[in-house]
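Q: the sequence isn't on hand, but the structure is:
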């Protein structure tokens, strides 16, 4: 991920090795099989909190070792009324990252992981809204299949 950020980006200094930028309580959302597949990580929410305190902010960016792609990770409550919030967070992040990413670089996957029990039906309408927004709801853990 470091290589995707412009040299002038203030975010570059906040990138940590491996999944070090994830809060300890959020690391449990990564299955054992994927915990060591990230070269680096960024707590995007914390990095932007001071300059954008009132805006929606996506939680994490993870740089995948083998593909060098950037994965967006959002641990968030999985309730029917939160679908719109997660979509807004992703759209806000795209705009917020525009000034930081090198031309042609972007987030290859946006993953939403349930931070608690899942309280929405996996209905066609809910799935369609997420699909149209480019967000994959992964359930309670990120598995290897979600990174493929």
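A: Now that the structure is in, tell me what you want to look at. Since the model is a prediction, treat every value here as computed from it, not as a measurement.

Q: now do the contacts for the closest residue to residue 2 other than its chain neighbours.
A: With sequence-adjacent residues excluded and distances taken as C-beta to C-beta, 6 or more residues apart in numbering, residue 2 is closest to residue 15, at 5.3 Å. Just so you know, the C-beta spots here come from the backbone N, C-alpha and C atoms, and that holds for glycine as well. Remark: with contacts taken as C-beta atoms under 8 Å, 6 or more residues apart in numbering, residue 15 is in contact with 1-2, 5, 21, 40-42, 63.

Q: if we go to 10 Å?
A: By C-beta atoms under 10 Å, 6 or more residues apart in numbering, the contact set of residue 15 is 1-2, 4-5, 9, 21, 39-43, 47, 61, 63.

Q: phi, psi of it?
A: Main-chain torsions, residue 15, degrees, to the nearest 10: phi -70, psi 140.

Q: can you show me the strands along this structure?
A: For the chain, the strands identified by DSSP state E occupy 16-17, 38-43, 60-64, 70-79, 107-119, 135-139, in order along the chain.

Q: need those in a markdown table (columns: distance to residue 129).
A: A markdown table is the format used below for the strands of the chain (distance: least, C-beta to C-beta, whole Å):
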| stretch | distance to residue 129 |
| --- | --- |
| strand 16-17 | 32 |
| strand 38-43 | 27 |
| strand 60-64 | 22 |
| strand 70-79 | 14 |
| strand 107-119 | 12 |
| strand 135-139 | 9 |
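
Q: mind giving me CSV with the contacts of residue 15 and columns for pLDDT, distance to residue 124 and neighbour count?
A: CSV is the format used below for the contacts of residue 15 (pLDDT from 0 to 100; distance: C-beta to C-beta, whole Å; neighbours: other C-beta atoms under 10 Å):
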residue, pLDDT, distance to residue 124, neighbour count
1, 91, 34, 24
2, 92, 39, 13
4, 96, 34, 21
5, 97, 38, 23
9, 96, 39, 18
21, 98, 35, 23
39, 97, 37, 17
40, 98, 37, 20
41, 98, 33, 23
42, 98, 34, 25
43, 98, 34, 20
47, 96, 36, 21
61, 98, 30, 25
63, 97, 33, 23
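
Q: excluding covalently adjacent residues, which one is nearest to residue 106?
A: Using C-beta to C-beta, 6+ apart and skipping residues adjacent in sequence, the residue nearest residue 106 is residue 70, 7.2 Å away.
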